[in-house]
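Chemist: sharing a model prediction with you, sequence too.
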Amino acid sequence: MKRFEGRNPHKRDAGGKRTITRRDFLNGIPITVGSTAVGGLLPELFATALADGRAPQDLPNYYPPSLTGLRGNHPGSFEAAHKVRDGDFGPLPRPGARAEANETYDLVVVGGGISGLAAAHFYRERHKDARILILDNHDDFGGHAKRNEFQLGGRLALMNGGTYEIDSPRPYSAVANGVLKTLTIDPVALTKKCTDRDFYHSLGLRRGIFLDKETFGADKLIVARDGSSWAQLLAQSPLSPAAQRDIARIEEEKIDYLPDLSSAEKKSRLSRVSYRDFLLNVAKADPGVIAFYQARTHGEWGVGIDAVSALDVWAFGLPGFQGLNLEPGSAPHMGYTAAGYADGGSYTFHFPDGNASIARLLVRHLIPESLPGNGAEDAVTAPLDYSRLDRPSSPVRIRLSSIVVRVRNVGDPKHAEAVDIAYTRGGKPSWVRGRSCVLACYNMMIPFLCPDLPEPQKAALHYPVKIPLIYASIALKNWTPFKSLGISQVYAPGSYFSSLSLNQVVDIGGYRSVRSPDEPILVHLTRTPVKPGLPERDQHRAGHFDILNTSFATFEQKIREQLSRILDHGGFDAGRDITAITVNRWPHGYAYEYNPLFDPDWPTGSEPHVIGRARHGRIAIANSDAGAAAYTDSAIDQAYRAVQELFAA
Ligand SMILES: Cc1cc2nc3c(=O)[nH]c(=O)nc-3n(C[C@H](O)[C@H](O)[C@H](O)COP(=O)(O)OP(=O)(O)OC[C@H]3O[C@@H](n4cnc5c(N)ncnc54)[C@H](O)[C@@H]3O)c2cc1C
């Protein structure tokens, strides 16, 4: 999935910080860095629209993908939900009291991510005239599958704000594959036709490793050169001779550290120790190597090597296992992701905006007039008309900036024939009624929305803690510093952002990636907030807090400083070269997949996600949380199951 490890006057300070005020206008919505009024829709825009009796999404030029600043869970998207969680929301109006006459639907979907959009699609497969309302708390649809859009040097530049690509540990199911077919997405053909994965390599660019002075004693960028050994690479680094020697050993030597065990016994042993403990206690490495490897697991697992099992990282090709002669393939006691990839994985394809393209294509399928064109390729550059999303004449409607705060069956759940759903938009609460409801939102939020769920189900829904992440998209005037340094991506184990990479090269439909280092480009940075040493779910709780308590100004300063320190010797000047910053916050990011180091081995069928997703009257539960798998295909499969449950009831 998330293989990114390994996104006026310019006045500079020492960290390359420049002061930028509102600078640029795109599609009528300011794109600017350094301003407090970025991220969510400008409050005044919201106020104007509501005073006008119109929803912001109906205003001309409403176009969230081009907003910069704090995106992802942007300001204004979550506060009411947190009030519900904390019991501070206050009284709700009586159901029906404010509902408009036409606010009754066959299905109301809570959550406009890929699962919610897919649920609407599956429902209409069973009931072709169904009227459906999808409510989402963000100012854009897609959930994690968000699009970051820029105009750089007069051309369109795209990056994924969240979901990176079609890629899953297991082959896509017939159901998920069927959705891709319906949307005319053929990942294998598209990869062949549109992707140039070797482009940067063909320019001689390689992966760099940045060691920072706070963690390693001195700032140093190490760049792999073809044919160079690890000993040569590390010779100029600030690492101690013992750490250098042991990293070279772990990377290159074939040593069987468990010679008396069979492959199955070794795998069992490795599944019960973290990679950190494997390095220290099994490979007997110098403690100085730990900081070097600590963040290698950030992008995939959302925690460091202290909290991922050695067996799971083996499946991803991390070093140290070359001499153990492990049989290929999955083994008991592996995590979902590692076990799946150990056995193969799905096809892959990266749209320039990641799986936001899937969300846009689903929206086109549900509301054809919102996105012109008719194929997966032309959709990439097609302009989406947000004012078409919530028209009374449309059988499917998507209502944005609408936070659902209460969901309840009308009457006894066993005999209920409708569900009332309360939501708030711009501070105004409303109720709608659905003959059924699919909750395609977050598991841990559901007990607060439906307090009358059975207690064991609520406890099960509370169990997972979603994985927090930051994906930042940075616009640069050019990428000549990368070219001069010979790098296209960097692993930075001790830094605030643990990885960065140049935008992937994909040409699709009318969209063209840049080829010349003199042209403007987008760079992706990933931050994974962690607390090494704590159990995984506690690390995520701390990371969630960290993300929501970091201001845009801090992110901006960290980005400028980190890029300056890494790219300095390539002639980079943050004040001159950075032209826009979008920080996609995902405090509730990847769905939680059980961790063999911390979670019990539940018998099949009694895992929290299975107990938690039980249908409750006319309310069914979708979302990737309900599959305990942080993948697009899981979001689709869970939508399918939830919809079939409603028709079976
Ligand atoms: C940074 C990142 C990168 C990823 N990369 C990949 C990848 O490369 N490949 C892959 O397959 N998967 C990837 N995933 C996982 C994948 O994005 C998800 O599994 C999938 O998109 C989840 O879709 P969903 O609809 O289930 O949930 P979401 O995308 O989370 O959508 C749920 C929606 O419901 C909304 N909601 C929640 N509560 C309420 C409420 N009370 N009222 C109204 N709306 C509400 C949420 O805000 C959200 O918009 C990634 C995830 C993240 C965070």
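Modeler: Sure thing, it's come through.
Chemist: residue 247 contacts residue 230, doesn't it?
Modeler: Yes - shown here, residue 247 and residue 230 form a contact pair, counting by Cβ atoms under 8 Å, at 6.1 Å. Just so you know, the C-beta spots here come from the backbone N, C-alpha and C atoms, and that holds for glycine as well.
Chemist: give me the more crowded residue out of those two.
Modeler: residue 247 (24 against 19; other Cβ atoms under 10 Å).
Chemist: part of a strand, is that one?
Modeler: No - the secondary structure assignment for residue 247 gives helix rather than a strand, going by DSSP: H, G, I helix; E, B strand; the rest coil.
Chemist: what about the helices in the stretch 51-200 of the chain?
Modeler: When secondary structure is read from DSSP state H, counting those that start in this stretch, the stretch 51-200 of the chain shows helices at 79-86, 114-126, 174-182, 187-194, 199-202.
Chemist: so which of these comes closest to residue 448?
Modeler: Taking Cβ to Cβ, helix 79-86 is the member of the helices of the stretch 51-200 of the chain nearest to residue 448, at 5.0 Å.
Chemist: mind listing what's buried along that closest one?
Modeler: Under the neighbour-count criterion of 16 or more other Cβ atoms under 10 Å, helix 79-86 has 80, 81, 83, 84 buried.
Chemist: which elements pack onto that helix?
Modeler: With contacts defined as 3 or more Cβ pairs under 8 Å, 6 or more residues apart in numbering; DSSP states H and E, the secondary structure elements packing on helix 79-86 are strand 403-409, helix 446-449.
Chemist: neighbouring contacts of it?
Modeler: Identification of contacts with helix 79-86 by Cβ atoms under 8 Å, 6 or more residues apart in numbering yields 89, 90, 137, 403, 405, 406, 424, 445, 448, 449.
Chemist: again with stretch 294-301
Modeler: In this structure, residues lying in contact with stretch 294-301 by Cβ under 8 Å, 6+ apart are 1-6, 275-276, 303-308, 312-313, 316, 318, 335, 337, 467, 491-494, 498-499, 526, 528, 530, 532.
Chemist: can you give me the end-to-end span of that stretch?
Modeler: End-to-end distance of stretch 294-301 (Cα to Cα, to the nearest Å): 12 Å.
Chemist: tell me how many other residues crowd the residue in the stretch 251-400 of the chain positioned nearest to the ligand.
Modeler: Nearest residue of the stretch 251-400 of the chain to the ligand (Cβ to the nearest ligand atom) works out as residue 355 at 6.1 Å. Other residues near residue 355 number 31, with proximity taken as other Cβ under 10 Å.
Chemist: touching, it and residue 632? I think so.
Modeler: Yes - distance between residue 355 and residue 632: 5.2 Å, which falls inside the contact criterion (Cβ under 8 Å).
Chemist: need the overlap of contacts for these two.
Modeler: In the contact map built from Cβ under 8 Å, 6+ apart, the residues linked to both residue 355 and residue 632 are 114, 145, 163, 166.
Chemist: among the contacts of helix 79-86, which ones are buried?
Modeler: In terms of neighbour count (16+ other Cβ under 10 Å), the buried residues within the contacts of helix 79-86 are 89, 137, 403, 405, 406, 424, 445, 448, 449.
Chemist: against the ligand, how distant is the fourth one?
Modeler: What that stands for is residue 405. 7 Å (Cβ to the nearest ligand atom, to the nearest Å).
Chemist: now stretch 496-505, how far from the centre of its chain.
Modeler: 14 Å (Cα atoms, centre = their mean, to the nearest Å).
Chemist: hmm, it touching the ligand?
Modeler: No - residues of stretch 496-505 are not located near the ligand by Cβ under 6 Å from any ligand atom, the shortest gap being 11.6 Å.
Chemist: straight-line length of that stretch, end to end?
Modeler: Stretch 496-505 has an end-to-end distance of 26 Å (criterion: Cα to Cα).
Chemist: could we number from 52 for the rest of this?
Modeler: Sure thing, new numbering starts at 52, so read that last one as stretch 547-556.
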